[in-house]
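**Q** coords please:
(2 chains)
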Amino acid sequence: MMPLAQIQAIPQGADYIRILPELVLSIFGIVIMVLDPLVDEEKSQKTLGLIGFIGTLAGLASTWYMARQPWGLAFSKTIRVDGFSIFFNYLVIAIAAVVILSSFEYMAVQKIRAGEYYALILFSAVGMTLMSSAIELVLIFIGLEISSISTYILAGFRRNEASSAESSLKYFLLGSFATAFFLYGVALMFGATGSTNIDIISQRLQSSPAEMLVYTSMALMFVGLGFKVAAAPFHVWTPDVYEGAPAPVVGFMSTAPKAAAFAVLLRVVFSINVPGRFWFLWVAAALSMTLGNVGALVQNNVKRLLAYSSIAHAGYLLVAFAMTTPDTSLNGISAAMFYTAAYAAMNVGAFAVVSHLANAGERYVNLEDYEGLGRSSPLLAATLTVFLLSLIGIPMTGGFFAKFYVFSAALRANLIWLTIIGVLNSAVGAYYYLRIIVVMYMRESRKEVPVGPVSLGLALALAITFVATLYLGILPNRVLQVAQHSAHDLLPAASGAAGVAQNPRPTGNTN
Amino acid sequence: MVPLSYYLVLSGILFACGVTGFLIKRNIITIFMSIELMLNGVNLSFVAFAAHWHVLAGQIFVFFVMVVAAAEAAVGLAIIIAVYRTRETLNVDQVNLLKL
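**A** Numbers count the residues shown, from 1 in each chain, chains lettered A, B, ... in the order given. I've put the predicted structure just below:
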């Protein structure tokens, strides 16, 4: 008989420090909710948005503080603070901060009264940070739901528009459908091993051979997480939801929940380390890359186009998951972590530009609305061009090294065919990103598209994402080193991480 | 005593009913209820496994799932109302503005 799970009666002070970012973000979220009815309607957007932004800064500071305290387990071994969770905490909270900055102007232009908008972004970030630091499957489920439920509401924030409500509905129905699958996977894993703690599961599975129940459970969990990261064949919702949802929210939900879901996927895939996952991930990666890129070719709506592009990028990221040996796994994990960071920088930036150009009622989101943008607002066009070049993967941008590390990790793991499919897909992808650039610079505008002045918040958001994209493209070493260090935290200790401590990194590319 | 497999088969059937309902029903509320059915199927297997392993945690999880389902229902119904206000229909086939 299994012993009852040991329960620490009273949480220690250290426990609370290890969820400090979550606590700080929730407190700021609640403060915004309370202040919302008290603040004057005209002013509410600015004031509450500012509180939200300060909340994210406080979240980043508390992550920094948490990272300097001793790492370890908290709350009856349901949470683990390690390099991996700190990396994703920083990433998710930073995305929330930039999205809040880029939302000020959008909310004013769309005339949305927006108190709870900022609170929901913070709550959503709480769920995501919880997902990245939880090592207990049920806690991961709760984090997933906290972040998802907030994002469902955010997707429908232009609630008087039929398209936004519809986008929210689709996201909600399909999202809860997928999380039900994830939960069934958790239940079966509990049945197979008698625990939902990832560490204990991985120990039990190492000592006894995996049975059918484990495979089924992994497959079901992959359905749930695959939906969240928009990987094929669970990607069908993405274009519809991204088209209807408010543009800054799309920038948020195409990066932050994805990063968190990838963090969970990394933990589940590599810590539990179930054999036989290889072809599953191989097929999902190849399918996502191909369907995403081919789908994007025919799109005319920029938000839809970027939605398909986000499916394709989920595919590139999944390439890093198809590693099986501990040695190549380390490369894969660090490459995947770097990719999520680079993708977040460029995609949030691209959607910030899109949300600025969209104007009231999101009227100008089609490709022909971008005609002549290079002449009418050269700075904005240049910024968008850098983000698009980064999404293609041109050197000197974050997207280049992201792809480079993923594909070189794949090559070192001898995944020749997957790499070939990936590189061919990047070439296809270049076409539709370049199409936007060509339209901006080489076509005369045929209709009047008003472009308002860029507000301070948006300018700041663009500057941050712009610098981050270039920083990751010119000096990727520091972030990559952090990723490589934290990759060690993920693998089960028994698989001999000692031999691969000096992980050979491709050198001579940081020109 | 009823063996474990009976419970698991029943929970599988409930889950499958939910999936089928989700896929073939056209009314949004019914689709939503199908998701709840799926979650309850999962709950049943949690409880069954908890009894099998003699681990109390499995039964506690069910409470968490119920709380999450309630939160989801609150938000979901609000979204459904928003859709109904803009489209005046609850048939998913007619909620089709966003398409390729």
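
**Q** from here on, contacts and neighbour counts on C-alpha atoms
**A** Fine.

**Q** okay, residue 36: pLDDT?
**A** The chain I'm using is chain A. The predicted structure scores A:Asp36 at 87 on the pLDDT scale.

**Q** Not quite, go with chain B.
**A** So, for B:Glu36, pLDDT stands at 94.

**Q** okay, now it: neighbour count?
**A** 22 (other C-alpha atoms under 10 Å in any protein chain shown).

**Q** next one: B:Asp93
**A** Other residues near B:Asp93 number 10, with proximity taken as other C-alpha under 10 Å.

**Q** show me the contacts for it.
**A** Each residue near B:Asp93 by C-alpha atoms under 8 Å, 6 or more residues apart in numbering or on different chains is listed here: B:Arg26.

**Q** Spell out whether stretch A:198-210 and chain B are in contact.
**A** No: Stretch A:198-210 is not in contact with chain B by C-alpha under 8 Å from any C-alpha of the partner chain; minimum separation 13.8 Å.

**Q** Next, count neighbours for residue 51.
**A** Picked chain A for this. 18.

**Q** Chain B was what I was after
**A** Neighbours around B:Ala51, by other C-alpha under 10 Å: 14.

**Q** next one: the one 5 residues further on
**A** Using other C-alpha under 10 Å, B:Leu56 is surrounded by 15 other residues.

**Q** Quick check: the gap between it and A:Phe28.
**A** Distance of B:Leu56 to A:Phe28, given as C-alpha to C-alpha, to the nearest Å: 35 Å.

**Q** tell me which element the nearest residue to A:Leu91 once chain neighbours are set aside is part of?
**A** Once flanking residues are discounted, A:Leu91 sits nearest to A:Ala341: 6.7 Å by C-alpha to C-alpha, 6 or more residues apart in numbering or on different chains. Taking DSSP states H and E as the criterion, A:Ala341 maps to helix A:326-358.

**Q** Determine the set of other helices and strands touching that helix.
**A** helix A:83-110, helix A:247-253, helix A:256-266, helix A:302-319, helix A:378-392, helix A:398-412, helix A:456-474, helix A:477-490 (3 or more C-alpha pairs under 8 Å, 6 or more residues apart in numbering or on different chains; DSSP states H and E).

**Q** now the fourth one against helix A:398-412, angle please.
**A** If I follow you right, that is helix A:302-319. 30 degrees (axes from the mean of the first three to the mean of the last three C-alpha atoms, to 10 degrees).

**Q** Just the angle for helix A:302-319 relative to helix A:378-392, thanks.
**A** Going by the same axes, to 10 degrees, helix A:302-319 makes 30 degrees with helix A:378-392.

**Q** ok, A:Ile464 - how many residues close by?
**A** 15.

**Q** oh sorry, the question was meant for A:Ile333
**A** So A:Ile333, with other C-alpha under 10 Å, has 29 neighbours.

**Q** Next, the contact list for it, please.
**A** A:266, A:320-321, A:483-484, A:487.

**Q** who wins for neighbours among those?
**A** So for the contacts of A:Ile333 (other C-alpha under 10 Å), the most neighbours sit at A:Ala320, 31 neighbours.

**Q** Tell me how far that residue lies from chain B.
**A** 30 Å (C-alpha to the nearest C-alpha, to the nearest Å).

**Q** My read is that that residue contacts A:Ala409, right?
**A** Yes: A:Ala320 lies in contact with A:Ala409 (C-alpha atoms under 8 Å); the separation is 7.0 Å.

**Q** what is in contact with those two at once?
**A** A:331-332, A:335.

**Q** In three-state terms, label the residue nearest to A:Leu297 when sequence neighbours are not counted for me.
**A** The shortest distance from A:Leu297 to any non-neighbouring residue, by C-alpha to C-alpha, 6+ apart, is to A:Tyr432 (5.7 Å). Of the three states, A:Tyr432 takes helix according to DSSP: H, G, I helix; E, B strand; the rest coil.

**Q** how about the residues of chain B near chain A?
**A** B:31-32, B:35, B:38-39, B:42, B:45-46, B:49-50, B:53-58, B:61, B:64, B:68, B:71-72, B:75-76, B:79-80, B:82-83, B:86-87, B:95-99.

**Q** Break down chain B into its strands, ranges please.
**A** Assigned by DSSP state E, chain B shows no strands.

**Q** In it, where is pLDDT below threshold?
**A** B:99-100 (pLDDT under 70).

**Q** can you rerun that using 90?
**A** B:1-3, B:55-58, B:86-100 (pLDDT under 90).

**Q** pLDDT averaged over the helix or strand encompassing A:Gly191 - what is it?
**A** Assigned by DSSP H and E, A:Gly191 falls within helix A:162-193. Confidence over helix A:162-193 (mean pLDDT, whole number) is 93.

**Q** now stretch A:133-151
**A** 94.

**Q** Any idea how far that stretch is from the middle of the chain?
**A** 14 Å (C-alpha atoms, centre = their mean, to the nearest Å).

**Q** Contacts made by it with the rest, please.
**A** A:77-82, A:85-86, A:120-121, A:123-131, A:172, A:175, A:179, A:182-183, A:186, A:196-199, A:253, A:257, A:261, A:264, A:267, B:61, B:64, B:68, B:71-72, B:75.

**Q** what residues does stretch A:177-193 touch?
**A** For stretch A:177-193, contacts defined as C-alpha under 8 Å, 6+ apart pick out A:137-138, A:141, A:145, A:195-196, A:201, A:204-205, A:211, A:213-214, A:216-225, A:227, B:35, B:38-39, B:42, B:45-46, B:49-50, B:53, B:58.
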